[in-house]
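Colleague: Fold the stuff below for me.
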Amino acid sequence: MIRATAVVPRSAVRPERVADRITLDHGERHRRRMAMTADGGLPFLLDLDQATMLEDGDAVWLEDGRLVQVKAAPERLVEIRAETALALKKIIWHLGNRHVPAEITDDAVYIAEDHVLIDMARGLGATATLVKRPFRPERGAYDEGHGHAHHHEHGHVHG
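Modeller: As a prediction, this is how the structure comes out:
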């Protein structure tokens, strides 16, 4: 089975090199090593040095030089909206305080479906609507991108 050993960021993907595409949900896009089959039937072994978040539009590089482009699959999400920007910021703060993966846009925040968080958002005066769309949550502040480990120093100890 041919191996995919590197991630090509969306901005560097050359369409003429794309041999197939693979549609993955958010959880499936965070991988290191796994046998996969692209949407068109091309089997390959994802074999990266470390677990990497594959973003919508990125591609994995096959050993023969071809690419398999990643497409974010639609998922059941909660779209949270508030009357004012300040109200939405407060809800986002509460979600962040719970370490919830969230996709933040100008006028909404999207999270995985969770009835407790839906109740919390509604209790804070927001609307919470179930939608189906690709999930592209924010990356961590120390996440330096594709395939790079993060290193940071600070004055506290992780528990």
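Colleague: partners of the biggest strand by length in the chain, with directions?
Modeller: Counting by DSSP state E, the longest strand found in the chain is strand 43-53. Here strand 43-53 has these sheet partners by DSSP bridges: strand 3-8 (parallel), strand 30-37 (antiparallel).
Colleague: contacting residues around the shortest one?
Modeller: So the one you mean is strand 3-8. Here strand 3-8 makes contact (CB atoms under 8 Å, 6 or more residues apart in numbering) with 36, 44-48, 52, 54, 58-63, 67-68, 146-147. Where you see a C-beta, it was placed from the backbone N, CA and C, and this is true even at glycine.
Colleague: on that earlier part again, measure how far the longest strand of the chain is from the centre of its chain, please.
Modeller: 15 Å (CA atoms, centre = their mean, to the nearest Å).
Colleague: Ala35 - nearest residue in space that isn't next to it in sequence?
Modeller: Nearest non-adjacent residue to Ala35, counting by CB to CB, 6 or more residues apart in numbering: Leu45, 5.5 Å away.
Colleague: Next up, the contacts around that neighbour.
Modeller: Taking CB under 8 Å, 6+ apart as the test, what Leu45 contacts is 1-4, 33-36.
Colleague: ok, for Ile22, nearest residue in space, not its chain neighbours?
Modeller: Ala38 (4.5 Å).
Colleague: Roughly how far does the one you found sit from Arg139?
Modeller: According to CB to CB, to the nearest Å, Ala38 and Arg139 sit 24 Å apart.
Colleague: Those two: who's more crowded?
Modeller: Neighbours per residue (other CB atoms under 10 Å) separate Ala38 from Arg139, with Ala38 holding more: 18 against 12.
Colleague: re the thing from before, am I right that the residue nearest to Ile22 is in contact with Val18?
Modeller: No - look at Ala38 against Val18 with CB atoms under 8 Å: they stay out of range, at 10.0 Å.
Colleague: okay, and the common contacts of the two?
Modeller: Val68.
Colleague: per-residue confidence for Ala141?
Modeller: Predicted confidence (pLDDT) for Ala141: 68.
Colleague: I meant to write Gly159 there.
Modeller: 37.
Colleague: From the chain's centroid, how far away is the lengthiest helix in the chain?
Modeller: Longest helix in the chain by number of residues (criterion: DSSP state H): helix 85-97. Distance of helix 85-97 from its chain centroid, counting by CA atoms, centre = their mean, is 20 Å.
Colleague: Done for today, thanks.
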